[in-house]
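**Student:** only geometry, no sequence info:
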Ligand code: PEP
């Protein structure tokens, strides 16, 4: 029996016009969700954050930024700061998504700076890690995950202290947007590895408390099995979060 409350997080990526965003937000907010059983979060593009804040303000649905800079202000054209996210109603921020790492050259060092800035600003970071197909085929999955964790959480590892609100997301790169989900057993093995890493680097309590989400082609028809795994505490959902009905049937996995 898991004591950790599941979290279902929608990563909209660079999708949806304002009108489409409004429709989706209205669909999600009008659903009957048992918030005793699940936390629900949406991460719209920056342009829809204010709208999300306005529409979700009287609900229990949480809002996240998809990315941010680590400085609080300054000459960083095109960037957005932790304070700006906070001021727009975000409680969380996704950092180190594999698309940021691969397409925008974000290193684990940068991710570490973002994690530090998020924590300092009072935002909860959702820290993404995951191996590529080549790394998996070369049997390097655990080495890659360990290195990404050591480097992306470097400051906290040095302090041997990790706020228990921090969230990790294991997202095998080969499963993102490809329709290939890691089998629940394959995902569970990595989640257990991550939990053991937390215990080694922090303590038992941190290992038992931190939530580890799975991400990679999560759909209504695979969420239940994934959630039966002892170390999977929710999901980060891309494609299937863009339609209210598919996102909601994932978020309400507890009903099936
Ligand atoms: C993601 O972008 O975090 C993701 C898991 O995408 P998808 O669900 O589309 O694979």
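**Tutor:** That came through, no problem. None of these values were measured; they are calculated from a predicted model.
**Student:** For the ligand, what is the nearest residue in the stretch 1-150 of the chain?
**Tutor:** residue 11 (4.5 Å; C-beta to the nearest ligand atom). In this view, the C-beta of every residue, glycine as well, is placed from N, C-alpha and C.
**Student:** hey, what's that residue bridged with?
**Tutor:** residue 43 (DSSP bridges).
**Student:** Look at it and report its pLDDT.
**Tutor:** What the model reports for residue 11 is a pLDDT of 98.
**Student:** ok, and what's touching stretch 40-53?
**Tutor:** Under the criterion C-beta atoms under 8 Å, 6 or more residues apart in numbering, residues 7-16, 18, 21-22, 25, 28, 33, 56, 60-66, 80, 85, 88-90, 92, 94, 241, 251 lie in contact with stretch 40-53.
**Student:** rewinding a little: my read: the residue of the stretch 1-150 of the chain closest to the ligand touches residue 235, true?
**Tutor:** No - the pair residue 11 / residue 235 is not scored as a contact, 10.0 Å apart, by C-beta atoms under 8 Å.
**Student:** Name the residues contacting each of the two.
**Tutor:** Common neighbours of residue 11 and residue 235 (C-beta under 8 Å, 6+ apart) are residue 215.
**Student:** ok so, going back, list the contacts for the residue of the stretch 1-150 of the chain closest to the ligand?
**Tutor:** Residue 11 makes contact with 43, 66, 94, 97, 215, 236, 237, 238, 241, according to C-beta under 8 Å, 6+ apart.
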